[in-house]
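my questions are about this predicted structure, shown below with the sequence.
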Amino acid sequence: MKQALLISFMLALLPATSAIAEKVRLAVTSSFHNSGLSDHIIPHIETDLEIDIQLIVVGTGQALKLGENGDVDAILVHSKPDEEEFVKIREEKDSRLGAPKLIVPSIQVNMRAGEMPPPERNGVSYLKVPVKFKEKE
């Protein structure tokens, strides 16, 4: 049950964190897949979120490697030490990255459920980026 809730929550966040995806690549362990849980919950998630989930069934180590390399959108594993190591590696890697170039405009569009802002008097819609300048001393 915990896995079902976790995977539902994890996949529910994907459209909000990226441009609304039509296909999500999800690496899962063979034991999760063989449990029958994926056959039960994945169709419901696909219907609710209007996405296609491509399951990649592999062992824990391979699922973590796919996630580390960015070859999948999400992973579902059940090895606490491996999960903790993966999170540590991702946090270290992510801490060296700058903010995505289009994060502010994409948040603006996502907040409007994919709609552009209303047009200005000239008929053009603009995404406005707040800028704070340092005053010269």
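Looks like it came in fine.

C-alpha from now on. contacts and neighbour counts both.
Will do.

and Glu46, what pLDDT?
Per-residue pLDDT puts Glu46 at 87.

please report the distance of it from Asp73.
Computed as C-alpha to C-alpha, to the nearest Å, the Glu46 to Asp73 distance reads 15 Å.

same deal with Gly61?
Distance, Gly61 to Asp73, using C-alpha to C-alpha: 16 Å.

looking at the two, which one has more neighbours?
Between Gly61 and Asp73, counting by other C-alpha atoms under 10 Å, Asp73 is the more crowded of the two (18 against 15).

who are the contact partners of that one?
24-26, 67 (C-alpha atoms under 8 Å, 6 or more residues apart in numbering).

most surrounded residue in those residues?
Most surrounded of those: other C-alpha under 10 Å gives Leu26, at 21 neighbours.

which strand residues bridge that residue?
Leu55, Ala74 (DSSP bridges).

hang on, isn't it packed against Gly70?
No: judged on C-alpha atoms under 8 Å, Leu26 makes no contact with Gly70 at a distance of 11.2 Å.

so where is the protein shaky, pLDDT-wise?
Along the chain, the parts satisfying pLDDT under 70 run over 1-21, 137.

how about a cut-off of 90?
Along the chain, the model assigns pLDDT under 90 to residues 1-23, 30-34, 36-42, 44-51, 60-61, 64-65, 67-70, 74-118, 125-137.

stretch 71-78: which residues count as buried?
72-77 (16 or more other C-alpha atoms under 10 Å).

alright, calling it a day.
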